[in-house]
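Sequence and computational prediction follow.
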Amino acid sequence: MKCAMCGRTPDQIPEYINLAKESDYQSADAAVRYEEGTYHPAYDKFICTDCYVKAGQPLMADVYELYVRQKGSVN
C-alpha cells in the first residue's frame, strides 16, 4: 500500500503513524484502511493528506481514475 502520488507508505507518514497509536490500530496501514477516505481496497492505494491538498482536493471519481490509470481495470 502506498500513496498514489508521492509513493510513500503509511509507515513513512507521521499522520498515519500517530493515528495508529492514538486509535489503537496495529499499524499505520490499518489506520489508512479504516480511516482514510481516499483508500481503495481493490487498488490498495490512497492519497496522503499532503498530496490530496496539493492536488486541489480532487473528487473521489478523479482519485479512482488515477488509480485505474496506474494499475489498469479491476476485475
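Looks like it arrived, so ask away. In this text, all values refer to a predicted model and were calculated from it rather than measured experimentally.

what's near enough to touch K54?
By C-beta atoms under 8 Å, 6 or more residues apart in numbering, the residues touching K54 are M5. C-beta: built from backbone N, CA, C; applies to glycine.

I'd like the distance between D24 and A30.
Using C-beta to C-beta, to the nearest Å, D24 is found at 10 Å from A30.

Neighbour count: the two, which is higher?
Each of D24 and A30 has its neighbours counted (other C-beta atoms under 10 Å); A30 has more, 16 against 8.

After the one helix or strand the more buried one maps to, which helix or strand is next?
Assigned by DSSP states H and E, A30 belongs to helix 28-35. Sequence-wise, the next helix or strand downstream of helix 28-35 (DSSP H and E) is strand 45-46.

Need the contact partners of that next one.
Contacts to strand 45-46, defined as C-beta under 8 Å, 6+ apart, come from residues 1-4, 10, 32, 36, 38-40, 67, 70-71.

Quickly list what the residue nearest the centre of the chain is bridged to.
For the chain, the residue nearest the mean C-alpha position is F46 (1.9 Å; C-alpha atoms, centre = their mean). The partner list for F46 in beta bridges (DSSP bridges) reads C3.

By mean pLDDT, which helix or strand of this structure comes out lowest?
Ranking every helix and strand in the chain by mean pLDDT, DSSP states H and E puts helix 60-71 at the bottom, with a mean of 86.
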